[in-house]
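Q: quick one, what's the 3D model for this:
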Amino acid sequence: MNFKQATDALLVSVTLEDLATAMGVSLQAIRQARANEGTTAYRAPPEGWERAVSKLAEGAARRHLDLARKLRAVD
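A: Numbers count the residues shown, from 1 in each chain. As a prediction, this is how the structure comes out:
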């Protein structure tokens, strides 16, 4: 693994589109749920948002741990 490959893997992030797909809702629904509660754009978060966010976070953590292990093996 070279520097570019390692840093590309490190810098991959979860997007709002990823979250919308994981929750089976529109990107607009995610944006509205993230709006300030006092605004007219705000909508309640979709049901089950905690589970979807948890799964995405676990996936990101797993990818970062795998990257760290690969790089440690090179030492």
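
Q: ok, how many other residues are close to residue 19?
A: 20 (other C-beta atoms under 10 Å). Just so you know, the C-beta spots here come from the backbone N, C-alpha and C atoms, and that holds for glycine as well.

Q: shouldn't it be in contact with residue 56?
A: Yes. At 6.5 Å, residue 19 counts as touching residue 56 under the criterion of C-beta atoms under 8 Å.

Q: ok, the nearest residue to residue 48 once chain neighbours are set aside - contacts?
A: In space, and not counting its chain neighbours, residue 48 is closest to residue 23: 6.9 Å by C-beta to C-beta, 6 or more residues apart in numbering. With contacts defined as C-beta atoms under 8 Å, 6 or more residues apart in numbering, residue 23 is in contact with 29, 30, 46, 48, 49, 52.

Q: so which of those residues is the most crowded?
A: residue 30 (22 neighbours).

Q: packing partners of the strand or helix carrying that one?
A: Counting by DSSP states H and E, the element that carries residue 30 is helix 27-34. Packing partners of helix 27-34 (3 or more C-beta pairs under 8 Å, 6 or more residues apart in numbering; DSSP states H and E): helix 16-23.

Q: and the helix it packs on, how far from the chain's centre?
A: Between the centre of helix 16-23 and the centre of its chain there are 8 Å (C-alpha atoms, centre = their mean, to the nearest Å).

Q: how about that helix: buried residues?
A: 19, 20, 22, 23 (16 or more other C-beta atoms under 10 Å).

Q: from the residues you listed, which single one is nearest residue 65?
A: Closest approach to residue 65 among the buried residues of helix 16-23 (C-beta to C-beta): residue 22, at 20.0 Å.

Q: could you give the angle of whichever helix or strand comes after the helix holding residue 30 to helix 27-34?
A: Where DSSP H and E defines the elements, the next helix or strand beyond helix 27-34 is helix 49-74. Inter-element angle recorded for helix 49-74 and helix 27-34: 100 degrees (by axes from the mean of the first three to the mean of the last three C-alpha atoms, to 10 degrees).

Q: got the confidence number for the nearest residue to residue 16 once chain neighbours are set aside?
A: Closest residue in space to residue 16, ignoring its immediate chain neighbours: residue 30 at 5.2 Å, by C-beta to C-beta, 6+ apart. pLDDT, residue 30: 98.
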